[in-house]
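In: the following comprises the amino acid sequence and a computationally predicted model.
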Amino acid sequence: MRSSSRLVIEFRDVAKRFGQTMALAGVTFTVSAGETVSLLGPSGCGKTTTLRLISGFEQPDEGAIEIAGESMRGKRPYQRNVGLLFQHYALFPHMNVAENIAYGLKHRGWPKAEIAGRVSEMLRLVKLQGFESRWPAQMSGGQQQRVALARVLATKPKLVLLDEPLSALDAKLREELRAELKQILASVGSTTIVVTHDQDEAMSLADRVMVMNRGRIEQEGAPDEIYARPRTPFVARFIGRGNWFSGRVSHPPGKAFARLSTSAGTSLWICAADAVAGGDWSACVRPERIALLGPGAKAEKPGDNLLPGQVVEIINLGAEIHYAVDGPEGRLLVVEPNREGPRARRGDRVSLRFRAEDCVVLPYASDA
Amino acid sequence: MPQGRPVKRAYPALLLPGAAVYLGFFFLPLAGLFRESFRQFTPGGVGSAANAPFTLANYSELLTPSFAEFFLETMRISLLASLTGLLFAFPLAYWLARRLSPGWRATAVGFFVTLMFLSVLVRTYALELTLGAAGPLRPILLGVGIFPNGRGYIELLVAGGLLHYIVPMATLTLLATIQNVDPRLFDAAQNLGAPGWKAHLTITLPLCARGLLAAFLFSFTFSISAFVIPMILGKGRVLFISNLIYNRFSEVADYPSGAAISIVLFAVALTIVYVTSRQLHRRSMP
Amino acid sequence: MTGRALDNLLRLLGMLMIGGIVCFLLIPIVVTVVMAFDARAYLGPLPPPAYSLRWFRRFFSDDYFLRGLGTSVQLALLSATLSLCVGVATAVALDRGSWRGKEALTSLFLSPLIVPPVVTGFALLLFLSGLGLSNGFARLLCGHIIITVPYTIRSTLAGLSGIDGSLTEAALILGANERSAFWDVTFPLARTGIVCGAIFAFAISMDDVAVSIMLTDANTYTLPVALISSMRANFDLSIAAASVLLMLATLALILVLEKLVGLDRIIGQGVFR
């Protein structure tokens, strides 16, 4: 839910060209105070360009950028009150930790007497007390990350930008730091934009996710919403995994659900409101919404879909079990939590059951 | 992916001091030299007279066999020195790169760098003193049948003088090149059945092609431009083009001719650098 | 011959060759050092029967050499300093911005390295004489500047190129303007390249013969020019003494470089294109 408090940053129809390529083709969004928003997308989607436009390293060709109500036209990076956490930290190798953190304070005119105190305060915040005289080269990746964060937050910027904050860390460290990062940003009350290509990073850190593709924002919303109700084929494919069925839709009279009929002969129940009759449509079903049942399973309620199949591959990932099931619609993926009790084995004939409501229906996109 | 890359702002004004220095101390003088090479020389004067007519005589003179001889001699000895230098430097660099421990390698590198920094006069003098006609080796040489004053020996000495700079320089260049070649490729080749020498010939050497070409480029341009080494060790019997230019300047005061020879030498050096650079660019392998 | 035997033979040959090369590189140096302490008044066969410092005394009492040394040192200091200023400014300009022809311009600035030194000296002599500049020291200074500037440019460029671009951006976004960012971040990190360039310039200037010999006059000459004239006139051992002194100076220079920069850095950037 977007808070109605003041807007920290406003992007209006911003476009940016590099040579022949259109890096941003008209991007509009706002971020309100205290929000954490993520710009998520594959490489080339324009998220890095957006980051550089906000920080001031590039100027837009069209459109307007306003931070705290002030136009940023022609403003150099040091004239904006924006903090940027670089992907590889960009700690000054010839300065120690204290000097690194104090750098922004010095140049933004903090009184000399207060600088040392603020540096210690920031080191306490990132749990690196006593690290003042260490050198960047002497620290681990995680520690450098925290110093970089302290450096960014020291000057109390209006807007904090994080560029792929967790990508340079290994898996275990990533999880630890993710939680800490969220907690630190919340405690400071900062307004944050996280730029990333990693869904987990985006979904776990942000209140609101903006999925970008080819220089535009394709969908924005809470992580749940993006996941459960993708509005374009790109978003549906980029976020999470899915099983896809394509075909023509018909509305049988007197039924609460509509029918999607594929070329292989399968008929699925989908929600009637999701699609009009005629035309080609695609339905995406998330693997964890599918129940893996024995071959004799029956539909329980109207709107239940039942597909036959045979288990060809089982991958045990510890917390989850992935089943690859072959059937008339090709290979489907079913994901179940790892729980006690009998499990299907390779070669078993099974039934896959899922509800009409579990089908995300989108206009057919040929890049299947 | 054409995203914004860190692009620093340009300050073209900073180029002004450099431009001024280069214009005044380099380009204009070279242009002047070029002009001078077309003027007629009056024997007995210093350089060309104030209103001397323009002529191609200075250049046509260079087409004569006697000049061509100097030119070829310079080329020949330079080529010999450069190729020999590479031949020596490569195994040396290989040994440094792959067989020495890092501690010894650092010492060896220090040794070579010191040799390169050493004044050319010191090296040339050392060679002349040790291996020259008046040196302590004289009896040994005569005993073996080599005439220290003979032309062949002097040519060899000049080549040796060039080598004394070329070998350290090429070794250091090739050291960097070889260190960029994954030693496991050599192991893989042996694993596939090639004996050591064949593996080197077919794997290590081709991968070092760029470095070898670069080392040759430095060595050859250095050699053809050499002045002090042929002057001291050549004893007036072996003259490189640079020495010829100096003679025209100091002994005869025939500036136009000296200028013409200079332009030719300059053109040759430029061509070699250009051609080899093109080759290097084409072989831009990571 | 089997592959293995051929391998071993080649390895043996290789080692012999390496030994030979190292001897070739070292022996003349060693001989010179030994002969410099030769007590005899003439050049005789090895080994010297007795050792003394006579040749060093001869060198230091010879006005001709000492004047040359003085001029050389003055020239080297002056030209290194001026070269540095011009070179750093040019390198910074070449390192920034991205415009077409930047590579060509950089090559242009490095071009004096290709031109044979005699040609450079000759051209400069004609030009400066034509302008009416007859002061020997001034002419030599011009020559030494133009042969040392490419080294300062190249060394500084190498130092600058090693700097991560995002560091400058980090400084900018933290509140530093372009000038502060340069002095706070770029310059300190490029310092080793700059210092290296200065040392190279000094060494090149001290060692130069070809350019100096064209620009010298009867009153102003450098030590190398004096040594060369001496070598051609009478090949005596005071030059050996001078050589030993020059060797010590070179060693000192190398040690300074090693302390400051580390020799492996020099190989990466220094002498080659």
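Out: Perfect, thanks for sending it. Numbers count the residues shown, from 1 in each chain, chains lettered A, B, ... in the order given.
In: name the nearest residue to residue 110, ignoring sequence neighbours.
Out: Unless you meant another one, I'm taking chain A. A:Arg118 (6.8 Å; Cβ to Cβ, 6 or more residues apart in numbering or on different chains). C-beta here means a position set from N, CA and C on the backbone, and glycine is covered the same way.
In: oops, I was thinking of chain C
Out: C:Pro150 is the one closest to C:Leu110 (Cβ to Cβ, 6+ apart), at 5.0 Å.
In: C:Leu125 too?
Out: C:Met214 (5.1 Å).
In: ok, the one you found to C:Val225 distance?
Out: Going from C:Met214 to C:Val225 by Cβ to Cβ, to the nearest Å gives 10 Å.
In: low-confidence ranges in the stretch 1-150 of chain A?
Out: Applying pLDDT under 70 to the stretch 1-150 of chain A flags the ranges A:1-5.
In: can you map out the strands along it?
Out: For the stretch 1-150 of chain A, the strands defined by DSSP state E, counting those that start in this stretch cover A:7-18, A:21-32, A:36-40, A:62-67, A:70-71, A:82-85.
In: ok, which of those strands comes nearest chain C?
Out: strand A:82-85 (4.8 Å; Cβ to the nearest Cβ).
In: ok, the residue nearest to A:Trp110 - contacts?
Out: Shown in contact with A:Arg118 (Cβ atoms under 8 Å, 6 or more residues apart in numbering or on different chains): A:101-102, A:105, A:110, A:154.
In: up against chain C, what does the stretch 51-200 of chain A have?
Out: Contact residues, the stretch 51-200 of chain A versus chain C (Cβ under 8 Å from any Cβ of the partner chain): A:55-57, A:76-78, A:80, A:82-84, A:86, A:88, A:90-94, A:103-104, A:106-108, A:151, A:155.
In: buried subset of the residues you listed?
Out: Using 16 or more other Cβ atoms under 10 Å in any protein chain shown as the burial test, these include A:55-57, A:77-78, A:80, A:82-84, A:86, A:90-92, A:103-104, A:106-108, A:151, A:155 as buried.
In: so which of those belong to helices?
Out: Using DSSP state H, the members of those that fall within helices are A:55, A:103-104, A:106-107, A:151.
In: so which of the residues you listed reach chain B?
Out: Counting by Cβ under 8 Å from any Cβ, no member of these is near chain B.
In: spatially, which two of these are the most separated?
Out: A:Ser55 and A:Lys106 (19.3 Å; Cβ to Cβ).
In: out of C:Met214 and C:Val225, which sits in the busier spot?
Out: Neighbour count, other Cβ atoms under 10 Å in any protein chain shown: between C:Met214 and C:Val225, C:Met214 has more, with 27 against 23.
In: that one contacts C:Pro116, correct?
Out: No - contact status for C:Met214 versus C:Pro116: not in contact, 11.4 Å apart, counting by Cβ atoms under 8 Å.
In: say whether chain C is contacted by the one helix or strand B:Ser223 maps to.
Out: Assigned by DSSP states H and E, B:Ser223 belongs to helix B:209-224. Yes - using Cβ under 8 Å from any Cβ, helix B:209-224 reaches chain C at B:214, B:218, B:221, B:224.
In: show me which of the residues you listed are buried.
Out: The buried subset of those - by 16+ other Cβ under 10 Å - is B:214, B:218, B:221, B:224.
In: let me know the closest of those residues to C:Asp7.
Out: The closest of those, once distances to C:Asp7 are taken by Cβ to Cβ, is B:Ala214, at 28.5 Å.
In: can you tell me the centre-most residue of chain A?
Out: Nearest to the mean C-alpha position of chain A, by Cα atoms, centre = their mean, lies A:Ala202 at 3.1 Å.
In: now swap in chain B and tell me
Out: B:Phe222 (1.6 Å).
In: contact partners for that one?
Out: Going by Cβ under 8 Å, 6+ apart, B:Phe222 touches B:162, B:165-166, B:169.
In: will you turn those residues into TSV that also has distance to chain A and secondary structure?
Out: As requested, the contacts of B:Phe222 are arranged in TSV below (distance: Cβ to the nearest Cβ, whole Å; DSSP: H, G, I helix; E, B strand; the rest coil):
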residue	distance to chain A	secondary structure
B:Leu162	42	helix
B:Tyr165	36	helix
B:Ile166	37	helix
B:Met169	31	helix
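In: just the residues you listed that are near chain C?
Out: B:Met169.
In: tell me the pLDDT of C:Gly121.
Out: pLDDT, C:Gly121: 93.
In: I'd guessed it sits against C:Ile213; true?
Out: Yes - using Cβ under 8 Å, C:Gly121 makes contact with C:Ile213 at a distance of 7.0 Å.
In: what's the local residue count around residue 171?
Out: Chain wasn't specified; assuming chain A. A:Ala171, neighbours per other Cβ under 10 Å, totals 7.
In: not quite, I wanted chain B
Out: Neighbour tally, B:Thr171, other Cβ under 10 Å: 29.
In: mind giving me the domain ranges of the chain?
Out: Using chain A here. A:7-237, A:241-363 (automatic domain parsing).
In: hm, I was asking about chain B
Out: B:32-63, B:72-253.
In: can you lay out these as CSV showing mean pLDDT and distance to A:Gly142?
Out: Listed next are these as CSV, based on pLDDT from 0 to 100; distance: least, Cβ to Cβ, whole Å:
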stretch, mean pLDDT, distance to A:Gly142
domain B:32-63, 78, 63
domain B:72-253, 86, 30
